[in-house]
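Chemist: Generate a structure from the sequence data that follows.
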Amino acid sequence: MNIIAADVGGTKTRLVYAELDSPGQIIHEARLVSGDYKSFSELLDAFLAQLKQRKVSLDVLSLALPGVVAGDIARLTNLPWRIDRAELVTHYNVSQVWFINDFQAAAYGIAAMTDADIVALSPGAHSNDATRVVLGAGTGLGLAWLQFERGRPQAYSSEGGHIDFAPADEQQAELLAYLRERHRADSGGHVSYERILSGAGLVNLYAFCARQAATDMDAAWVHAQANADHPQAQAAMKLFVQIYGSYVGNIALLYKPEGGIYIAGGIAGKIIDWMRSADFSQAYLNKGRMRPLASSISVNLITNERIGVIGALRYAVQKQQVRKNDN
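Modeler: Below is the predicted model of the structure:
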């Protein structure tokens, strides 16, 4: 049986084509710019066109999707696409179509990562068969966890990126007031961690630190300016990793994941030096009486951007194994 797995993102979509019997041997892989296509089907057709000479037969389609994934129709965060499971089955004559949240997929992908894909941010203990959490800032802020049930990994999604931002000091309290006013019209002044821990969030932080409107810039610009000793950009980066560390510490206390916390997403791997700074680690450990608990949990940064598509592939393989066993 043949499978196409895809990690669909607001900026880019990664796809792989493999055989279910040997999923580790990927036959073809591509990364396409999501915004170049009007729909997922148009993007998938472009990928299939690359496979023309291989006489592709497609049995399983496994899609890692951003946002809430429920039911047979998916509407994507940051993309104007509507993906209908029944339409995919009919149009591509495929027997199985699986939808999974993108960070759920990343949770399944952790097991495929090697030492070369992981940067340790906080040592802690580690257990291979214990609960793991994967989270990450990119276009938005995602969070999922994985636990083992009857010996099999089972990942669950959440909307933990949208929990209320909790300031840890006076500067962050000023930031909260600033963001409440800025987002009063579009969200009634609600400020989630995603308003800060995301690409747009880093631009928000620059605007706050520079005390000016941030126009015609993105997260990459802020990071580049910080590395070029721009004082307001450096202040924004410092604040970003401090709040990131505090958020990760909150998640450590919430889940107590003895299997570790893994930071993925599109931003962390591009700012490794900042993530390895004392600003991050001190904020992570600043949990008062719960500091010993936070310090006992390993925190790791995933540098391999393929974790989502590999996770979507592993998820489909596991679903197929379960179906065989049930029969």
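Chemist: What average pLDDT does stretch 215-230 get?
Modeler: This predicted structure assigns stretch 215-230 an average pLDDT of 93.
Chemist: in that stretch, what's buried?
Modeler: 219, 221-223, 225-226, 230 (16 or more other CB atoms under 10 Å). Bear in mind the C-beta positions are built from the backbone N, C-alpha and C, glycine included.
Chemist: Mind putting those into JSON lines with distance to residue 12 and secondary structure?
Modeler: Below are the buried residues of stretch 215-230 laid out as JSON lines (distance: CB to CB, whole Å; DSSP: H, G, I helix; E, B strand; the rest coil):
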{"residue": "219", "distance to residue 12": "15", "secondary structure": "helix"}
{"residue": "221", "distance to residue 12": "19", "secondary structure": "helix"}
{"residue": "222", "distance to residue 12": "20", "secondary structure": "helix"}
{"residue": "223", "distance to residue 12": "18", "secondary structure": "helix"}
{"residue": "225", "distance to residue 12": "24", "secondary structure": "helix"}
{"residue": "226", "distance to residue 12": "24", "secondary structure": "helix"}
{"residue": "230", "distance to residue 12": "27", "secondary structure": "coil"}
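Chemist: Pretty sure residue 194 sits in a helix.
Modeler: Yes - under DSSP: H, G, I helix; E, B strand; the rest coil, residue 194 falls within a helix.
Chemist: what about it, distance to residue 204?
Modeler: Distance of residue 194 to residue 204, computed by CB to CB, to the nearest Å: 11 Å.
Chemist: just the strands in the protein please.
Modeler: Here the chain has its strands, by DSSP state E, at 2-8, 12-19, 26-33, 60-65, 73-75, 82-84, 96-101, 118-122, 132-137, 141-149, 152-157, 261-264, 299-302.
Chemist: centre of the chain versus the first one, how much separation?
Modeler: The one in question is strand 2-8. Distance of strand 2-8 from the chain centroid (CA atoms, centre = their mean, to the nearest Å) equals 17 Å.
Chemist: again, but for the third one
Modeler: In terms of CA atoms, centre = their mean, the gap separating the centre of strand 26-33 from the centre of its chain is 19 Å.
Chemist: State which helix of this structure is the longest.
Modeler: Looking across the chain with DSSP state H, the single longest helix is helix 231-255.
Chemist: From the contact counts, what lies against that helix?
Modeler: Using 3 or more CB pairs under 8 Å, 6 or more residues apart in numbering; DSSP states H and E, the elements in contact with helix 231-255 are strand 132-137, helix 170-182, helix 199-210, helix 219-227, strand 261-264, helix 272-275, helix 278-285, helix 291-295.
Chemist: could those go into JSON lines alongside distance to residue 60?
Modeler: Shown next, in JSON lines, are the helices and strands packed on helix 231-255 (distance: least, CB to CB, whole Å):
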{"stretch": "strand 132-137", "distance to residue 60": "23"}
{"stretch": "helix 170-182", "distance to residue 60": "43"}
{"stretch": "helix 199-210", "distance to residue 60": "32"}
{"stretch": "helix 219-227", "distance to residue 60": "35"}
{"stretch": "strand 261-264", "distance to residue 60": "24"}
{"stretch": "helix 272-275", "distance to residue 60": "35"}
{"stretch": "helix 278-285", "distance to residue 60": "39"}
{"stretch": "helix 291-295", "distance to residue 60": "40"}
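Chemist: center of the protein, which residue is that?
Modeler: Nearest to the mean C-alpha position of the chain, counting by CA atoms, centre = their mean, stands residue 265 at 4.0 Å.
Chemist: Go ahead and confirm that one touches residue 143.
Modeler: No - the criterion here is CB atoms under 8 Å, and residue 265 misses it with residue 143 at 10.1 Å.
Chemist: shared neighbours, these two?
Modeler: Common neighbours of residue 265 and residue 143 (criterion: CB atoms under 8 Å, 6 or more residues apart in numbering): residue 135.
Chemist: returning to that earlier point: looking at the helices and strands packed on helix 231-255, spot the one closest to residue 50.
Modeler: Nearest to residue 50, of all the helices and strands packed on helix 231-255, is strand 261-264, at 26.1 Å by CB to CB.
Chemist: and that closest one, how far from the chain's centre?
Modeler: Mean-position distance between strand 261-264 and its chain equals 9 Å (CA atoms, centre = their mean).
Chemist: Since that was my last question, I'll sign off now.
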